[in-house]
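Asks: fold the following.
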Amino acid sequence: SGLRVVAVRLRPGDELMAGVQALAAREGLRAGVVVSCVGSCVGARVRMAAATAETAAQEVRELSGHFEIVSLVGTVGLDGCHLHVSLADAEGRVVGGHLVGDMHIFTTAEIVLGDCEGLQWRREMDDATGFRELVINDRARRCC
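Replies: Below is the predicted model:
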């Protein structure tokens, strides 16, 4: 299977997760991965690592201020995305976690996504974790 690459530049005020999902929908990504992201943001909502399905809401931190986006990783499919982010503040301190949303671009966000052409992602509830988790399908056998 090949990797088809698409890209977008988000502008000041754009919301990052919405921008990623819009690019994926526009390009028909079925098994998307974040290849690269560089830019800056003003605030974000990030869920911390200790979260369980029962405590997820309490584990969300509202980050405020200006940050450099030092890492963005994740999967993107037709039914949503799962993104983790690392952000550095003006002092170089880094915080990261599961991106919940409200991550608005400050100057720019240059995002490159790849689509694993032989695969298709789906998210289904996993009773063991209590979260919607990734299910991987072969497009040739189970394409919708």
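Asks: could you list the low-pLDDT ranges of the chain?
Replies: By pLDDT under 70, the weakly predicted segments of the chain are 1, 141-144.
Asks: now do the helices in it.
Replies: Assigned by DSSP state H, the helices in the chain fall at 16-27, 139-142.
Asks: out of these, which one sits most buried?
Replies: Highest mean neighbour count of the helices of the chain: helix 16-27, a mean of 18 (counted as mean count of other CB atoms under 10 Å). All C-beta atoms are positioned from the backbone trio N, CA, C, and that covers glycine.
Asks: show me what that one is packed up against.
Replies: In terms of contacts (3 or more CB pairs under 8 Å, 6 or more residues apart in numbering; DSSP states H and E), helix 16-27 is packed against strand 3-10, strand 32-47, strand 60-77, strand 80-88, strand 94-101, strand 104-116.
Asks: please redo it, this time with the cut-off set to 6 Å
Replies: Using 3 or more CB pairs under 6 Å, 6 or more residues apart in numbering; DSSP states H and E, the elements in contact with helix 16-27 are strand 3-10.
Asks: return the set of buried residues in the strand it packs on.
Replies: 6, 8, 10 (16 or more other CB atoms under 10 Å).
Asks: ok, and what's touching it?
Replies: 19, 23, 27, 105, 109-115, 117 (CB atoms under 6 Å, 6 or more residues apart in numbering).
Asks: so what strands line up beside it?
Replies: strand 104-116 (antiparallel) (DSSP bridges).
Asks: list of residues touching the partner strand?
Replies: Residues contacting strand 104-116 (CB under 6 Å, 6+ apart): 1, 3-10, 12-16, 29, 31-33, 35-42, 66.
Asks: and stretch 44-60, by the same measure?
Replies: Contact partners of stretch 44-60, identified using CB under 6 Å, 6+ apart, comprise 61-63, 97-98, 100-103, 130-131.
Asks: which among these end up buried?
Replies: 63, 97-98, 100, 102-103.
Asks: and A49, how many neighbours?
Replies: 9 (other CB atoms under 10 Å).
Asks: also R123?
Replies: 17.
Asks: could you give the bridge partners of it?
Replies: Beta-bridge partners, per DSSP bridges, of R123: L134.
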